[in-house]
Structures are given as C-alpha cells and as structure tokens.
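Colleague: Quick one: sequence plus predicted model below, questions after.
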Amino acid sequence: MLIRPATPTDLDAALRVIGDAFGIVVQPPTVHTTVAEDPDGHFLVAERDGAILGTGASVGFGRNGWLGGIAVRPEARGERLGQRLTEAAIDVLGPRDSVLLLASEAGRPIYERLGFEVEERYVVLWSPPDTPAPVPNGLRRLTAADRDAVLELDEWVTGESRTLAVDVALEGALATEDLSAVALKPPWPALPILARDPAAGEALLRALIAPGLRLAVPESNTAAVETLRSLGCTDGPDVVRMRRGAPVAWRPEGLWGVFSLFFG
Ligand SMILES: CC(C)(COP(=O)(O)OP(=O)(O)OC[C@H]1O[C@@H](n2cnc3c(N)ncnc32)[C@H](O)[C@@H]1OP(=O)(O)O)[C@@H](O)C(=O)NCCC(=O)NCCS
C-alpha cells in the first residue's frame, strides 16, 4: 500500500472514498481540494494496484494543525490503514504545538491509540429541507477591507490563525453591522459562524440557515444547540473534538457553526 499526495487525476476517486465513508455527496471544490491547493495543506491517498483505497488530509494554521478526511474503503478496513493515513497526515504537518481533529465513533479508537484526548463534543445536525428563504435584515456583506477584523474575531474564537480558511470564505460573507458576529461563505456547502456576542450569533444563524446543510456546534454552546433544534434541525452522528499537544485558548461559546468536520 502506497501513501502519497493526491494528484489532480486522483481527486474524483479520493472524493468518492470520502463521500461513501461519511454518507455524503462531495463535489469539488471541497474543504479537501481547497486545503490541497494551500502550501500548508496536504491531501493524501492510499493506493494499491492503481486503486484509491483511503484518504487523509491535514492543514496547518500556524502553531496548530488539523486532521481531516480520514477514510478507508470498506474492503480495505481492519488493516490499520486508517492509522497509517492518520500518522502520515500528522507527519507532513511537521512540528506543531498541537494537532486537532473532529472524530467519528469509528475513528476515535485510532486517535486514542495515537495519544489524542477528547476535549469537547460537537453536536452535528442537518438543517431541515423546508427552511424558509432567509431575510438578512440588519446584515451587511463583508469586503476585503474587513479582512483584518474578521481574522481578529476568528482568532478570538478559535485561538488559531486560520488565514487560509478566512481567505477562501470572505467573498459573500455576511456580518452584523457592528461585526460582533460573522457568517463566512466557503466555496463548499457550510455555514461557519463566529460570534463575540451570543445574540448576534443566534441572529446570523436564524437568518442564514439554508436547506441541506450539515451543521456542527460545540455541545457546550448550549444556546447554539437549542437554536438549531428550534429551527427543526435533525441530529446526525456527533463527533468529538480531540487534541494532541498543548491546549488552544479557544472559546466554544463563540463558535456557532463550523467550516466542516475537517476543522471546526
Ligand atoms: C475509521 C476508519 C478510517 C478506520 O479505518 P481502518 O483502516 O479499518 O482502521 P483500523 O484497521 O485501525 O481498524 C479500526 C477498527 O475497525 C475494526 N475493523 C476490523 N476489520 C474491519 C472491517 N472489515 N470493517 C470495519 N471495521 C473493521 C477493527 O476491529 C478496528 O478496531 P480495533 O482498533 O479495536 O482493532 C474507517 O472505518 C472509515 O473510513 N470509516 C468511515 C469514515 C470515518 O468515520 N472516518 C473517521 C473520521 S474521524
């Protein structure tokens, strides 16, 4: 089994492995293809006899890195390939203060074996198919001039320097007038929301929730969980946020939506 960086010709097969493993449809651009194009991002595949049997990805945000997209085709499971892909995705990140990930139940034993510890549960929900069209009253569209303020808010919430994530999601992003909450707009279906003020976070979530989105929020942000349930979202399988290395000074109560289950 060869583990190597994905090439453009691998992408269809690699995204199919991920989509089948997580029961979702993934079409480019995805969080994985976006990460693969970044100098500090990595998208790996496991290949045997010309077939793509597994994937793993990682991205560096300065001192921290995130792992995501760990998936193995059913016929190749049970051979510790998931673990090898995880180790390879960590190795290519190089030295970091900490590595974070959001683990499914299936993935969690692998990460525990590698020394990751659970630090928070994220509730995962699907938005209802019949959400009424949003009426973004009192919101404004962000421009390039807001970039520094958004990066500052993102860092206030996450404790990380997620420039890559913010940069791909600024165009089309919306915010409350005073910038106390921002809803970013990545090129894949997602509703990442950062909020200094819970009322502003809730207002953005209520205004912008759209059908067919997989949403996730930290369980300790009970206001966000309650808002999503009151909007008719249905529960998906939860994930746990795990960390290996130094703690990150993040604020779960400011996180009202994630970029993906790759990085929260
Ligand atoms: C999680 C996943 C990547 C594990 O891949 P893997 O290469 O089978 O990993 P491992 O070989 O280390 O096996 C993991 C466990 O699956 C069990 N297993 C063994 N054979 C299996 C098979 N044929 N099918 C399913 N599971 C099997 C093993 O018992 C092992 O448990 P253990 O740690 O107690 O021994 C894979 O199951 C997968 O793609 N799942 C769906 C996507 C997902 O949840 N990814 C993780 C996201 S965080």
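Modeller: Arrived safely. Numbering: from 1, shown residues only.
Colleague: contact partners of whichever strand or helix holds L100?
Modeller: Mapping L100 onto the secondary structure by DSSP states H and E places it in strand 98-103. Strand 98-103 is contacted by residues 58, 63-68, 70, 90, 93, 111, 116, 118, 122, 216, 239-248, 258, 261-264 when judged by CB atoms under 8 Å, 6 or more residues apart in numbering. No exception for glycine: its C-beta is placed from N, CA and C like everyone else's.
Colleague: Just the buried ones from these?
Modeller: Buried members of those, scored by 16 or more other CB atoms under 10 Å, are 58, 64-68, 70, 90, 93, 111, 116, 122, 216, 239-245, 248, 258, 261-264.
Colleague: The ligand contacts on the chain?
Modeller: 21-22, 70-72, 77-83, 103-104, 106-107, 109-110 (CB under 6 Å from any ligand atom).
Colleague: Now, of the residues you listed, which are buried?
Modeller: By neighbour count, with 16+ other CB under 10 Å, the residues of the chain next to the ligand hold 21-22, 70-72, 81-83, 103-104, 107, 110 as buried.
Colleague: on that earlier part again, show me the contacts of strand 98-103 that map onto strands.
Modeller: Using DSSP state E, the subset of these located in strands is 58, 64-68, 70, 118, 122, 216, 239-245.
Colleague: Would you mind listing where the stretch 1-150 of the chain has pLDDT under the threshold?
Modeller: Counting by pLDDT under 70, the stretch 1-150 of the chain has low-confidence residues at 131-136.
Colleague: hmm, 80 instead?
Modeller: By pLDDT under 80, the weakly predicted segments of the stretch 1-150 of the chain are 130-137.
Colleague: In it, which residue sits nearest the ligand?
Modeller: With distances taken as CB to the nearest ligand atom, the stretch 1-150 of the chain approaches the ligand most closely at G78, which sits 2.3 Å away.
Colleague: Alright, that wraps it up for me.
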